[in-house]
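# got a predicted structure plus its sequence, pasted below:
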Amino acid sequence: QVQLVESGGGLVQAGGSLRLSCADSRRTFSDYALGWFHQAPGKEREFVAAISGNGGTTSYADSVKGRFTISRDNAKNTVYLQMNSLKPEDTAVYYCAAGRVPETYYRNARAYIYWGQGTQVTVSS
């Protein structure tokens, strides 16, 4: 059974940084694209960033370009989301997701099969 476990969320002041991690229990970790999504109260789940299985391709939402960086360590079965220059509007529950997702579908939450339980990120002004 696939298990994705996020960690690293918390409370930070605007302008600060956090690094989220998502550990994946599968042996075939490198076969899957990994994505990060977030969901604020009363809003739809939104795409944040995604990375291909070998880490060679990344994609970002316009709202986080230049501030967030997605990376992965296939030897550790872990994907990371480095979040810098955080803004109050980044406040949300952040979810990692995995799937055999073509690059053209990275932004589509329905393309991902496996999801973590989410980690709360709160940015105070």
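Looks like it came in fine.

# quick check: Cys96 touching Glu6?
Yes: assessed by Cβ atoms under 8 Å, Cys96 is found in contact with Glu6 at 5.4 Å. (Each C-beta comes from the backbone N, C-alpha and C, glycine too.)

# mutual contacts of these two, please.
Residues touching both Cys96 and Glu6 (Cβ atoms under 8 Å, 6 or more residues apart in numbering) are Leu20, Cys22, Gly116.

# which of those residues sits closest to Ala14?
Checking these against Ala14 with Cβ to Cβ, the nearest one is Leu20 at 17.5 Å.

# in contact with that closest one, which residues?
Contacts for Leu20 (Cβ under 8 Å, 6+ apart) come out as Glu6, Ser7, Gly8, Gly9, Trp36, Tyr80, Leu81, Met83, Tyr94, Cys96, Thr119, Val121.

# among those, which are in strands?
Glu6, Ser7, Trp36, Tyr80, Leu81, Met83, Tyr94, Cys96, Thr119, Val121 (DSSP state E).

# tell me the buried residues within the residues you listed.
Among the ones in strands among the contacts of Leu20, those classed as buried by 16 or more other Cβ atoms under 10 Å are Glu6, Trp36, Tyr80, Leu81, Met83, Tyr94, Cys96, Thr119, Val121.

# what is the spatially most central residue of the chain paired to in the beta sheet?
Closest to where the C-alpha atoms of the chain average out (Cα atoms, centre = their mean) is Trp36, at 2.2 Å. Beta-bridge pairing of Trp36 under DSSP bridges involves Ala49, Cys96.

# what's the spacing between it and Tyr112?
As judged by Cβ to Cβ, to the nearest Å, Trp36 and Tyr112 stand 10 Å apart.
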